[in-house]
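1. Sequence isn't available, so here's the structure alone:
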């Protein structure tokens, strides 16, 4: 039977301490209330959980394996374990949430789905689930992201989705979310907004965290079974934060050190990064896309453009539960630069035969750093996606950096 | 007279003149700060009853392409909250007496600090606040900060808003209830859905005497004429921007459009009853 972990009950439902909430136009409030009710009904319905479990196992390829990275461990010093979300159908953890929400959409009687995508992974996963379940699918994507993730644009179109370019603002994930919300406000009666990360207005941070908690539940059992103990450290990259919260969900009550890795871009000092927690000048509490959380903003509350080599981490806000976990000091948040991620990307490819997504390469880089500090530790890393989509970006960067060594 | 009383008085006066209040929206800083001030003064001179001044925001998720483009341009020119407040002061210095409400998203207010922002709003001469991404549940701190200074809170409601929620929103509305005509974003529309009339009647029933204004998509004098007896006020934004753009931001064209909108808002009385009393019993 499928085990999922919704967030612990909060004092104010819909909030994580002072973070979260529902900062959206009134038009959407009834839809959010309806979605919240449908979600909890579904969670209490063994039929729904069985259907989701069936899809996760027979379609998405769950449970995903846990691989010990032996050669990487030898070099790094700790025992590094990889939770292989890259092996899930569509090549990333995104499918876990998408299947859950697509089933919810059907439950709500909604035949049309809109989604945003940054790296394209969530868009591909959404297009996939919509093809599987016979739903109409529209994906909004910034034109900058479309240029750097071309294969995923083609994938979505092959899967029958309509990809709508967003040519506003920074032309990345944040603008795609604006446009998806505008579509939803306009078509709310017939449309489900299939939000891809653990952010946005309540109940999305709860829903996405719950559906992604399958990662942590599996990984915890796999580590216990293989090594007879819990990991010392669990590491995941944090854009909006869905793969990280999915992993952390199962370890919050355990004596396991949890580390979230933000995109350090060209370094915090440069200002060209997506590190909401690491830059106290720019990263402050505010409201974006329906939720109160840490946001990269100017002194007047205008949202700043972010930078990361990885499109999936290139986002100015972070899921509200992460903001709360950070304030509680339950999770430690660090940063990894573009160059460090790129180096980890190549290291993992050469030592383990795994090409990670650039997002996940941030987590790998941090795991290597931790391993040097703590030899012998058992370090669990969420390898949230595979890197096929990033080959073009990486080849250009390696060419620039290392003079096309081949 | 400022704040809540100024806003309520604007509706009372329009009603006394047998017409719907004409509410105009303009994004401060578009096409530039000085021109936006000049245009707002022209709107006031030609018959606006209340003016909403848009505070530019990088991520205006309730706005359509016209206002997105306009506020983006304002941001590019360095217009931030401080410049908007200065513009309010200049509009007042130019002699504009009509109530001015700032329309802003939540984050610029939080960044400024809610209490400090509301004080500045009052000090510079604005009367109220409209925040499209702040629904009922999140608005209590805004309502109390505004209430403490006698400034108006203007909540939005939508066709999807159920009756009980409409009543709760109106109960907190010290200015007026802003009813969004369509499920959707701002932007001029060729025609408005017929259902809007039914929704406005529902909203007015639930509002219990609080003025109800209708906006989003209202673009032409015909729209205003159609809705004048169904709402206490009518809001025009994107269409005004289009009109100003096509006249190279000339004041005369804007004034002519505003006069046409205002004239269209007069009730065409045929039975000698005011629309409100004729509705009783329905």
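-> Yes, it's here. Note that this is a predicted model, so its numbers are computed, not measured.
2. Could you use CA atoms for every contact and neighbour count after this?
-> Noted.
3. Next, give phi and psi for whichever residue of chain A sits closest to chain B.
-> In chain A, the residue that lies nearest chain B is residue A:186 (3.8 Å; C-alpha to the nearest C-alpha). Torsion angles at residue A:186 (phi, psi; degrees, to the nearest 10) stand at phi -80, psi -40.
4. How is the closest residue to it other than its chain neighbours assigned, secondary-structure-wise?
-> Of all residues not flanking residue A:186 in the chain, residue B:184 sits nearest, at 3.8 Å (C-alpha to C-alpha, 6 or more residues apart in numbering or on different chains). Following DSSP: H, G, I helix; E, B strand; the rest coil, residue B:184 is assigned to coil.
5. From what I see, residue B:184 and residue A:181 are in contact.
-> No - under the criterion of C-alpha atoms under 8 Å, residue B:184 is not in contact with residue A:181, lying 9.8 Å apart.
6. For residue A:295, list each beta-bridge partner.
-> Bridge pairing for residue A:295 (DSSP bridges) gives the partners residue A:284, residue A:317.
7. Can you give me every residue that contacts it?
-> Contacts for residue A:295 (C-alpha atoms under 8 Å, 6 or more residues apart in numbering or on different chains) come out as A:276, A:282, A:283, A:284, A:285, A:286, A:287, A:288, A:303, A:316, A:317, A:318.
8. Drop the exposed ones from those residues and show what's left.
-> A:276, A:282, A:283, A:284, A:285, A:286, A:287, A:288, A:303, A:316, A:317, A:318 (16 or more other C-alpha atoms under 10 Å in any protein chain shown).
9. neighbour-wise, which of residue B:184 and residue A:181 wins?
-> A direct count of neighbours by other C-alpha atoms under 10 Å in any protein chain shown for residue B:184 and residue A:181 places residue A:181 higher, at 29 against 25.
10. Give me the pLDDT for the more buried one.
-> Here, the pLDDT recorded for residue A:181 equals 96.
11. check contacts around it.
-> A:193, B:61.
12. Ok, residue A:32 next?
-> Residue A:32 neighbours (C-alpha under 8 Å, 6+ apart): A:202, A:203.
13. what do you get if the cut-off is 10 Å, keeping everything else the same?
-> Counting by C-alpha atoms under 10 Å, 6 or more residues apart in numbering or on different chains, residue A:32 makes contact with A:22, A:24, A:38, A:188, A:192, A:193, A:201, A:202, A:203, A:204.
14. need the contact list for residue 197.
-> In the absence of a named chain, chain A is used. A:94, A:97, A:116-117, A:122, A:204-205, A:207-209, A:212, A:239-243, A:245, A:318-319.
15. Can you look at chain B instead?
-> By C-alpha under 10 Å, 6+ apart, the contact set of residue B:197 is B:181, B:203, B:226, B:227, B:229, B:230, B:231.
16. Show me how to select, in PyMOL, the buried members of those.
-> Here is the PyMOL selection string for the buried members of the contacts of residue B:197, based on 16+ other C-alpha under 10 Å:
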select buried, chain B and resi 181+203+226+227+229+230+231
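17. Secondary structure, pLDDT and distance to residue A:9 added to the contacts of residue B:197, as TSV?
-> Putting the contacts of residue B:197 into TSV (DSSP: H, G, I helix; E, B strand; the rest coil; pLDDT from 0 to 100; distance: C-alpha to C-alpha, whole Å) gives the following:
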residue	secondary structure	pLDDT	distance to residue A:9
B:181	coil	96	37
B:203	helix	98	35
B:226	helix	96	49
B:227	helix	97	46
B:229	coil	95	48
B:230	coil	97	45
B:231	coil	98	43
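18. For chain A, state which of the contacts of residue B:197 is nearest.
-> Distance to chain A, by C-alpha to the nearest C-alpha, is smallest for residue B:181 among the contacts of residue B:197, at 10.5 Å.
19. Tell me the spacing between the closest one and residue B:199.
-> Distance, residue B:181 to residue B:199, using C-alpha to C-alpha, to the nearest Å: 8 Å.
20. Can you work out which residues contact both of these two?
-> Taking C-alpha under 10 Å, 6+ apart as the contact rule, residue B:181 and residue B:199 both touch B:158, B:159.
21. ok, how many other residues are close to residue 178?
-> You didn't pick a chain, so chain A it is. Other residues close to residue A:178 by other C-alpha under 10 Å number 23.
22. that's the wrong chain, I meant chain B
-> By the criterion of other C-alpha under 10 Å, residue B:178 has 27 neighbours.
23. Can you list the residue ranges for helices in the stretch 151-282 of chain B?
-> Using DSSP state H, counting those that start in this stretch, the helices of the stretch 151-282 of chain B run over B:163-172, B:195-207, B:221-227, B:238-246, B:251-264, B:275-279.
24. residues in the stretch 151-282 of chain B within reach of chain A, list them.
-> Residues of the stretch 151-282 of chain B lying near chain A by C-alpha under 10 Å from any C-alpha of the partner chain: B:155-162, B:165, B:169, B:179-180, B:182-186.
25. In PyMOL, select just the buried ones from those.
-> Here is the PyMOL selection string for the buried members of those, based on 16+ other C-alpha under 10 Å:
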select buried, chain B and resi 155+156+157+158+159+160+161+165+169+179+180+182+183+184+185+186
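26. check contacts around residue B:65.
-> Counting by C-alpha under 10 Å, 6+ apart, residue B:65 makes contact with A:168, B:71, B:185, B:186, B:187, B:188, B:238.
27. Strands - which of the contacts of residue A:197 land there?
-> Judged by DSSP state E, strands contain the following of these: A:116, A:117.
28. before we move on, the earlier item: shared neighbours of residue B:184 and residue A:181, anything?
-> Common contacts of residue B:184 and residue A:181, defined by C-alpha under 10 Å, 6+ apart, comprise A:25, A:28, A:187, A:188, B:62.
29. What's the ChimeraX syntax to select whichever of the contacts of residue A:197 are buried?
-> Selection of buried members from the contacts of residue A:197 for ChimeraX, criterion 16+ other C-alpha under 10 Å:
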select /A:94,97,116,117,122,204,205,207,208,209,212,239,240,241,242,243,245,318,319
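30. can you tell me which of the contacts of residue A:197 are in helices?
-> A:94, A:97, A:122, A:204, A:205, A:207, A:208, A:209, A:212, A:242, A:243, A:245 (DSSP state H).
31. And those, which is closest to residue B:39?
-> residue A:204 (41.8 Å; C-alpha to C-alpha).
32. Per-residue pLDDT of that closest one, please?
-> Confidence score, pLDDT, at residue A:204: 98.
33. what residue ranges in chain B score low on pLDDT?
-> Residue ranges of chain B with pLDDT under 70: B:269-282.
34. ok so, going back, which of the helices of the stretch 151-282 of chain B sits closest to residue A:259?
-> helix B:163-172 (42.1 Å).
35. helices or strands up against that closest one?
-> Using 3 or more C-alpha pairs under 10 Å, 6 or more residues apart in numbering or on different chains; DSSP states H and E, the elements in contact with helix B:163-172 are helix B:140-148, strand B:156-157, strand B:177-180, helix B:195-207.
36. if I look at the most centrally placed residue in chain B, how far off is residue B:127?
-> For chain B, the residue sitting closest to the mean C-alpha position, by C-alpha atoms, centre = their mean, is residue B:52 at 4.6 Å. According to C-alpha to C-alpha, residue B:52 stands 10 Å off from residue B:127.
37. shared neighbours of these two, which are they?
-> Common neighbours of residue B:52 and residue B:127 (criterion: C-alpha under 10 Å, 6+ apart): B:99, B:100, B:101, B:102.
38. How much space separates residue B:135 from chain A?
-> In this structure, residue B:135 and chain A are 5 Å apart, going by C-alpha to the nearest C-alpha, to the nearest Å.
39. can you pull the contacts of that residue?
-> A:22, A:23, A:24, A:25, A:26, A:27, A:28, A:29, B:155, B:156, B:157, B:169.
40. let's see 8 Å
-> A:22, A:23, A:24, A:25, A:26, A:29, B:155, B:156.
41. State the phi and psi torsions of the third one.
-> Reported as degrees, to the nearest 10, the phi and psi values for residue A:24 are phi -140, psi 160.
42. who's in contact with residue 122?
-> Went with chain A since none was named. Counted by C-alpha under 8 Å, 6+ apart, residue A:122 has contacts A:94, A:95, A:98, A:115, A:116, A:196.
43. The intended chain is chain B.
-> B:3, B:149, B:151 are the contacts of residue B:122 under C-alpha under 8 Å, 6+ apart.
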